[in-house]
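# requesting a structural model of the entry that follows:
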Amino acid sequence: MSIVGSYTGLYYQTGSDTSSVRSIRVGRGLSRPLAIPPNGELVLFRKIPPPPDAPEGTPPIRVPVLSAELEGDSPGYIVVARPLEPKEADTRFSSVVVPLPDDFGAGTCLIANLSSFPNVAASFHDDIYKIAAGTTQLVSIRSGHNMVRTAVRVSDDWKLAGSDTWRLNETLRGYFLILPYMEDPDYPPPLDPPPVLTRIHFQKAPSP
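Predicted structure coming up:
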């Protein structure tokens with residue numbers, strides 16, 4: 001997924017031959033699940049036409065735009081793409097990889113603080129969780145509408161960074177991502193930008 005924007009015309013390769021090349025859209029939501037590459041490195045690329053003087057039948061040139069190392073033996077990963085030039089069609093991305101815990105099943109939500117703020121708090125069901133920068137916390141969720149709030153400690157004060165009502169579903173698993181703020185090229189900039197962006201997503205948990 002991308003912090004901001006929506007990007008098409010991207011590809012990845014699942015095997016050793018060109019028939020395994022697949023297209024993918026990277027947007028604010030979760031993309032469809034991808035198989036973990038055998039070498040543990042996820043590479044997204046664009047295709048550009050070969051030079052005019054190239055021999056007939058020359059395939060398109062691959063231009064890598066994102067590379068992420070999927071290290072360890074986690075059952076899965078979230079790769080968050082940070083566009084380096086959000087308004088450019090040929091933008092490249094830096095990436096942050098979040099390994100998923102083994103017990104990340106239905107009825108749980110993975111909170112990940114991917115911002116640089118060391119003191120961030122999130123509340124679900126009136127329970128408050130503090131998440132340091134670069135860390136994650138797996139929490140239980142219950143079905144029903146609930147207010148989800150995020151606050152960031154700036155200097156000596158806590159600043160509310162987000163407050164939204166979400167319908168939580170304990171038959172699914174959730175992701176609550178706390179991301180560094182970026183201006184979104186698809187929307188006007190807010191008058192008072194929040195210190196962080198938050199994204200919450202739910203998906204069906206894989207069968208045990």
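# all contacts plus neighbour counts: C-alpha atoms, from now on.
Noted.
# hey, what's the most centrally placed residue in the chain bridged with?
Geometric centre of the chain, nearest residue: residue 80, 3.2 Å, by C-alpha atoms, centre = their mean. Beta-bridge partners recorded for residue 80 (DSSP bridges): residue 96.
# is it true that it touches residue 26?
No: between residue 80 and residue 26 there is no contact under C-alpha atoms under 8 Å: 9.5 Å.
# about what we covered before: from residue 57, how far out is the residue nearest to the centre of the chain?
35 Å (C-alpha to C-alpha, to the nearest Å).
# ok, residue 169 - contacts?
Contacts for residue 169 (C-alpha atoms under 8 Å, 6 or more residues apart in numbering) come out as 107, 141, 142, 143, 144.
# if you tally nearby residues, what's the number for residue 49?
Residues near residue 49, counting by other C-alpha atoms under 10 Å, number 11.
# same thing with residue 106?
20.
# need the contact list for residue 60.
47, 48, 49, 50.
# hang on, the earlier thing: how much space separates the residue nearest to the centre of the chain from residue 190?
23 Å.
# show me the protein divided up by domain.
Domain ranges of the chain: 7-99, 108-203, per automatic domain parsing.
# want to throw those into TSV with mean pLDDT and distance to residue 1?
Shown next, in TSV, are these (pLDDT from 0 to 100; distance: least, C-alpha to C-alpha, whole Å):
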stretch	mean pLDDT	distance to residue 1
domain 7-99	87	5
domain 108-203	88	10
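# ranking those by burial, who's on top?
Highest mean neighbour count among the domains of the chain (mean count of other C-alpha atoms under 10 Å): domain 108-203, with a mean of 17.
# about what we covered before: now the contacts of residue 169 as JSON lines including distance to residue 165 and secondary structure?
JSON lines is the format used below for the contacts of residue 169 (distance: C-alpha to C-alpha, whole Å; DSSP: H, G, I helix; E, B strand; the rest coil):
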{"residue": "107", "distance to residue 165": "18", "secondary structure": "coil"}
{"residue": "141", "distance to residue 165": "14", "secondary structure": "coil"}
{"residue": "142", "distance to residue 165": "14", "secondary structure": "coil"}
{"residue": "143", "distance to residue 165": "13", "secondary structure": "coil"}
{"residue": "144", "distance to residue 165": "10", "secondary structure": "strand"}
